[in-house]
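Colleague: Please find the sequence and the predicted model below.
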Amino acid sequence: MDKINEYLQIAIDKAVFFLPRIILAGIILWIGFKIVKRLVIWVGIALEKAGFSETLRPFLTSTTSVVLKGAVLFVIASFIGADLTGLVAILAAAGFAIGMALQGSLGNFASGILILTLKPYKIGDWIQIEDKFGKVEEIGIFSTDVLTPGNKILVVPNSMVTDTVVTNFSEKGKIRLELAVTMPYDESFPKVKRIIVDALLALPKVLQDPIPEVGIENFDSHSVQLLVRPYVLPEDFWEVTFEAHKAIKSTFHTNDIKVAYSEGVEMGRIGE
């Protein structure tokens, strides 16, 4: 019976000591979370005014909320009298281990933040990353989804975007095709240039302004190398590429322009 009374007295003493702190900690928790909620709203408004993308804003506001709430909980734990030294050491070790295990993912994450902040491209832009060409479908924290002209989705890691040259074809609203064409040495270049330009301007998706460019790029042993540069909208890149080659072949046939076959230097006719 004496032991029970002793334990009961200890429990009462502990309750008298900790109960006011627990009640006050609850009040601090309620007030702290209210303040955090208000701060997160202000952060969201500030990010929107600063021009951050809709993809990045929710992530940053969520991260801010988690950090601030964690800070409130640490303050409350310290107020109650908990020893946080061991917990901080455990969290630091866990953070280091997770960081080492996710080096690649963290690199993609950091690159995603840079892309969403600096905006080298946006959703709907036509881009080329190394040899990968397509339209941006989604920009995520870890990767960018690119829709190719062949209707395939490429999931490109964001670290690859920040480590290489990215060509944005939509930035200026139009792109220039570069088509290689040959003509014989004894043919008139002004004539060939005129018929190529006329054939390209007849295509509905080739832009009339600026007009297509045709120039001599090089001379080889059999023919003159021409570079043909019509301007198109980014979404018409492949369609116009095929149509332009078809139109040039057709106009060469109509105007009896000959080419050198690879078997020799003898000139031959081009079929329709």
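Modeller: Structure received.
Colleague: Which of the three states applies to the residue lying closest to residue 149 once chain neighbours are set aside?
Modeller: Sequence neighbours aside, residue 238 is the residue nearest to residue 149 in space, at 4.6 Å (criterion: Cβ to Cβ, 6 or more residues apart in numbering). (Glycine included, C-beta is placed from N, CA and C.) Assigned by DSSP: H, G, I helix; E, B strand; the rest coil, the conformation of residue 238 is helix.
Colleague: ok, residue 238 touching residue 151?
Modeller: No: using Cβ atoms under 8 Å, residue 238 is not in contact with residue 151, being 11.5 Å away.
Colleague: With neighbour numbers in mind, choose between those two.
Modeller: residue 238 (14 against 7; other Cβ atoms under 10 Å).
Colleague: how near is the more buried one to residue 126?
Modeller: Going from residue 238 to residue 126 by Cβ to Cβ, to the nearest Å gives 11 Å.
Colleague: ranges for the strands of this protein?
Modeller: Using DSSP state E, the strands of the chain run over 126-129, 132-139, 143-147, 153-157, 166-168, 175-176, 179-183, 213-219, 224-229, 231-232, 259-260, 267-268.
Colleague: Those strands into CSV, with extra columns for mean neighbour count and mean pLDDT?
Modeller: Putting the strands of the chain into CSV (neighbours: other Cβ atoms under 10 Å; pLDDT from 0 to 100) gives the following:
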stretch, mean neighbour count, mean pLDDT
strand 126-129, 20, 86
strand 132-139, 18, 84
strand 143-147, 20, 87
strand 153-157, 15, 88
strand 166-168, 15, 85
strand 175-176, 18, 83
strand 179-183, 18, 90
strand 213-219, 14, 90
strand 224-229, 18, 92
strand 231-232, 22, 90
strand 259-260, 18, 72
strand 267-268, 12, 58
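Colleague: Just put those in a markdown table and tack on distance to residue 205.
Modeller: As requested, those are exported to a markdown table (distance: least, Cβ to Cβ, whole Å):
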| stretch | distance to residue 205 |
| --- | --- |
| strand 126-129 | 14 |
| strand 132-139 | 16 |
| strand 143-147 | 19 |
| strand 153-157 | 24 |
| strand 166-168 | 20 |
| strand 175-176 | 12 |
| strand 179-183 | 14 |
| strand 213-219 | 17 |
| strand 224-229 | 15 |
| strand 231-232 | 6 |
| strand 259-260 | 26 |
| strand 267-268 | 31 |
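Colleague: so which of those gets nearest residue 204?
Modeller: Smallest distance to residue 204 across the strands of the chain (Cβ to Cβ): 10.7 Å, for strand 231-232.
Colleague: Not counting its own residues, what contacts the closest one?
Modeller: Where contact means Cβ atoms under 8 Å, 6 or more residues apart in numbering, the residues beyond strand 231-232 that reach it are 174-177, 205-207, 210, 212, 240.
Colleague: and those residues, which are buried?
Modeller: 175, 177, 206-207, 212, 240 (16 or more other Cβ atoms under 10 Å).
Colleague: just these: which has the poorest pLDDT?
Modeller: When the buried ones among the contacts of strand 231-232 are compared by pLDDT, residue 175 scores lowest at 82.
Colleague: Hmm, residue 169 and that residue touching each other?
Modeller: Yes: Residue 175 is within contact range of residue 169, at 4.3 Å (criterion: Cβ under 8 Å).
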